[in-house]
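Enquirer: Have a look; sequence and predicted model below, questions after that.
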Amino acid sequence: MITLQSRLERARERLAGHGQEHVLRHAEGLDPVRLDRLLDQVDALSLEQVGTLAAALHDDGGFVLPADLAPATIVRRSPDDAAWTAHGEALLRAGKVACFMVAGGQGTRLGWDAPKGTFPATPILRAPLFRVFAEQIHAARRRYGAMIRWYIMTSPMNDAPTRAFFAEHGHFGLGADTVMFFPQGTLPSLTMDGKLLLAEPDEIAVNPDGHGGSLRALRHAGALDDMRAHGIEHISYFQVDNPLVHAVDPRFIGVHAAHPGSSGEMTSKMVAKRDAAEKVGVFCASAGRTMVVEYSDLPASLAAERDGAGRLRFDAGSIAIHMLSRAFVERLTDHGLALPLHKARKKVPFIGDDGRRVEPATPNAIKMETFVFDAIPMAQSSLVVETDRAEEFAPIKNADGDDSPATSMAAQSARAARWLEAAGWSIPRTVDGAPDCTIELSPLSASCEAECTGLAPRAVERGAACAVHPLSPG
Ligand code: UTP
């Protein structure tokens, strides 16, 4: 039988071979359960991978602006949209589409001490983000008379509380067996000189491997097999922090699956950049492939270029909404998937030499992540579909300021006001045109403008809070 002591010695040797023996600095003082836990982590660690990560710490990301960089092919709104919508609806009715939400991030900017999806996000009823998407999926199932399964990527850190929240809320009536949770992978956080850190005396500091980890996680968790078993061919990908997303969008699905120029592998949505300087990735093309160029990599001169119509040439801002085919994710993950690593300097608390916890005042570590949009150039051809910011993008990233709960709630209310007004409601407006009331519209009542015609028009009073929800009196 292998004793803890002999495991410890073996681990020490392995780590020493890679200059990481400090990880066992406090091992002697651990009780057997905690030591066992730490040794499990060391055993699971690929020290070769840690070496590769450490070696990558000081390269600059290696992005070289392609000489042939051009704007990506954008599918703008057009009279053909009805045909794409009909195509998408047929796929939905045939049960070939699933939703996939990534909800594994750390949400550090928001500072919410629970999974981000539990954040109360709506302007009146303060429904948690998870409920917002659940109601959309519920409504879409009803509308298309078909099952739409929901795959949710968590992280090892928030997996248990996420599952518990869904269980507490009866899976929002969706049926527990139609929602699948699985955690993403992690990558070790490293000091600037490539050393592992201890988050606890018995725990190596790791961070979730970024939303790019979602593709491998789909494979490893058996979600792709589950999809195949259920006849699912297309995956609607969105992030947990954008309550305006159309989680099930037939036009987008139709363009992805059938538009000329689409390989049907990966399709993305864009919104026009607010201005040349907006800090958002931009869809570009090079050598026949579509790609997202990060704002920091796009030279200011290119970012400011305008076309003949006066529009920014590179105006296609990425909003992290994609369609992927199951076959594409299978192909990518058949033999392992290596997406580029993106690095960020972070403050990572750690256990110091003296065994005490250190809360660094300045960034002391590099967090590495992969991004899902780096899979786009791996598709044979990939289209980008235009949508409106006011219609689909109001993320909750920060506690206040831009992209905060306040801005997102205002955008939710403004969109609801617009939809209802188009359906004959009377909405009071301020002199600058903003709704002079707060409106919350549950997807169970209407999840697009057209569905609002099914609601009896009302006159909303100035300053009122009006929640349109089948379960609410307001
Ligand atoms: P963000 O890039 O906004 O990161 O994630 P975050 O971790 O949520 O927040 P900060 O940066 O710490 O403040 C965008 C989306 O990708 C998911 C998040 O849950 C969110 O839906 N994500 C991000 C993951 O699922 N896993 C990750 O490792 C990172």
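Expert: Cool, the structure landed.
Enquirer: drop to CA atoms for contacts and neighbour counts, all remaining ones
Expert: Fine.
Enquirer: how close does the residue of the stretch 251-400 of the chain found nearest the ligand sit to residue 435?
Expert: The minimum distance from the stretch 251-400 of the chain to the ligand, using C-alpha to the nearest ligand atom, falls at residue 397 (5.9 Å). Taking C-alpha to C-alpha, to the nearest Å as the measure, residue 397 falls 24 Å from residue 435.
Enquirer: List the contacts of residue 343.
Expert: Residue 343 makes contacts with 57, 366-369, as judged by C-alpha atoms under 8 Å, 6 or more residues apart in numbering.
Enquirer: What backbone torsions are found at it?
Expert: When quoted as degrees, to the nearest 10, the phi and psi of residue 343 stand at phi -120, psi 140.
Enquirer: pLDDT score for residue 472?
Expert: Looking at residue 472, its pLDDT reads 54.
Enquirer: cool, residue 60 as well?
Expert: Model confidence at residue 60, given as pLDDT, is 66.
Enquirer: Begin at 9, not 1, for the rest of this chat.
Expert: Renumbered: residue one is now 9, and that last one reads residue 68.
Enquirer: low pLDDT regions in the chain?
Expert: 9, 68-70, 480-482 (pLDDT under 70).
Enquirer: which residues touch stretch 360-369?
Expert: When contacts are defined by C-alpha under 8 Å, 6+ apart, stretch 360-369 is touched by residues 33-34, 208-209, 355-359.
Enquirer: got JSON lines for those, with neighbour count, secondary structure and distance to the ligand too?
Expert: Listed next are the contacts of stretch 360-369 as JSON lines, based on neighbours: other C-alpha atoms under 10 Å; DSSP: H, G, I helix; E, B strand; the rest coil; distance: C-alpha to the nearest ligand atom, whole Å:
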{"residue": "33", "neighbour count": "16", "secondary structure": "coil", "distance to the ligand": "28"}
{"residue": "34", "neighbour count": "18", "secondary structure": "coil", "distance to the ligand": "28"}
{"residue": "208", "neighbour count": "17", "secondary structure": "strand", "distance to the ligand": "20"}
{"residue": "209", "neighbour count": "23", "secondary structure": "coil", "distance to the ligand": "24"}
{"residue": "355", "neighbour count": "15", "secondary structure": "coil", "distance to the ligand": "12"}
{"residue": "356", "neighbour count": "24", "secondary structure": "coil", "distance to the ligand": "12"}
{"residue": "357", "neighbour count": "19", "secondary structure": "coil", "distance to the ligand": "15"}
{"residue": "358", "neighbour count": "22", "secondary structure": "strand", "distance to the ligand": "18"}
{"residue": "359", "neighbour count": "21", "secondary structure": "strand", "distance to the ligand": "21"}
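Enquirer: could you dump the residues you listed to CSV with distance to residue 318?
Expert: Formatted as CSV, the contacts of stretch 360-369 follow (distance: C-alpha to C-alpha, whole Å):
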residue, distance to residue 318
33, 62
34, 63
208, 55
209, 59
355, 43
356, 45
357, 48
358, 51
359, 55
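Enquirer: tell me which residues of stretch 438-453 are tucked away?
Expert: The neighbour-count check on stretch 438-453 (16 or more other C-alpha atoms under 10 Å) flags 443-453 as buried.
Enquirer: just stretch 46-56 next, same as before
Expert: Buried residues in stretch 46-56, counted by 16+ other C-alpha under 10 Å: 46-47, 50, 55.
Enquirer: which ones among those are found in helices?
Expert: Of the positions in the buried residues of stretch 46-56, 46-47, 50, 55 sit in helices, assigned by DSSP state H.
Enquirer: Not counting residues beside it along the chain, what's closest to residue 170?
Expert: Counting by C-alpha to C-alpha, 6 or more residues apart in numbering, residue 123 is the residue found nearest to residue 170 once chain neighbours are left out, at 6.3 Å.
Enquirer: can you count the residues close to the residue nearest to residue 152 when sequence neighbours are not counted?
Expert: Of all residues not flanking residue 152 in the chain, residue 101 sits nearest, at 5.0 Å (C-alpha to C-alpha, 6+ apart). Here the number of neighbours of residue 101 (other C-alpha atoms under 10 Å) works out to 17.
Enquirer: Contacts only, for the closest residue to the ligand within the stretch 209-358 of the chain.
Expert: Sorted by distance to the ligand under C-alpha to the nearest ligand atom, the residues of the stretch 209-358 of the chain start with residue 218, at 3.0 Å. Going by C-alpha under 8 Å, 6+ apart, residue 218 touches 113, 376-379.
Enquirer: which ones among those residues come in contact with the ligand?
Expert: residue 113 (C-alpha under 6 Å from any ligand atom).
Enquirer: Please list the residues of the stretch 9-158 of the chain that sit near the ligand.
Expert: So the stretch 9-158 of the chain meets the ligand at 110-118 (C-alpha under 6 Å from any ligand atom).
Enquirer: and these, which of them are in strands?
Expert: Residues of these located in strands (DSSP state E): residue 110.
Enquirer: Need the residues of the stretch 9-158 of the chain next to the ligand in CSV (columns: neighbour count).
Expert: Below are these laid out as CSV (neighbours: other C-alpha atoms under 10 Å):
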residue, neighbour count
110, 23
111, 27
112, 30
113, 22
114, 19
115, 18
116, 12
117, 12
118, 17
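Enquirer: would TSV of the residues of the stretch 9-158 of the chain next to the ligand with distance to residue 367 be doable?
Expert: Compiled in TSV, these are given as follows (distance: C-alpha to C-alpha, whole Å):
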residue	distance to residue 367
110	29
111	26
112	23
113	21
114	17
115	18
116	15
117	17
118	19
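Enquirer: Which residue ranges of the chain form helices?
Expert: For the chain, the helices defined by DSSP H occupy 12-24, 40-52, 55-64, 89-101, 137-152, 167-176, 221-228, 231-237, 258-266, 308-312, 334-341, 397-400, 413-430.
Enquirer: Nearest to residue 278 among these would be which one?
Expert: helix 397-400 (8.5 Å; C-alpha to C-alpha).
Enquirer: Next, report how far the closest one is displaced from the centre of its chain.
Expert: With C-alpha atoms, centre = their mean, to the nearest Å as the basis, helix 397-400 stands 17 Å off its chain's centre.
Enquirer: Test of understanding: give the bridge partners of the most centrally placed residue in the chain.
Expert: The centroid of the chain falls nearest to residue 247 when counting by C-alpha atoms, centre = their mean (3.1 Å). Beta-bridge pairing for residue 247 (DSSP bridges): residue 110.
Enquirer: ok, it - contacts?
Expert: Listed by C-alpha under 8 Å, 6+ apart, the contact partners of residue 247 are 109-111, 328-329.
Enquirer: Contact partners for residue 188?
Expert: Neighbours of residue 188 in contact, by C-alpha under 8 Å, 6+ apart: 158-160, 231.
Enquirer: Look at the residue lying closest to residue 166 once chain neighbours are set aside and say how many residues are nearby.
Expert: Closest residue in space to residue 166, ignoring its immediate chain neighbours: residue 123 at 5.9 Å, by C-alpha to C-alpha, 6+ apart. The burial count assigned to residue 123 is 24, neighbours taken as other C-alpha under 10 Å.
Enquirer: And for residue 370?
Expert: When neighbours are counted by other C-alpha under 10 Å, residue 370 registers 10.
Enquirer: Pull the contacting residues for residue 190.
Expert: Residues near residue 190 by C-alpha under 8 Å, 6+ apart: 159-163, 167, 225, 229.
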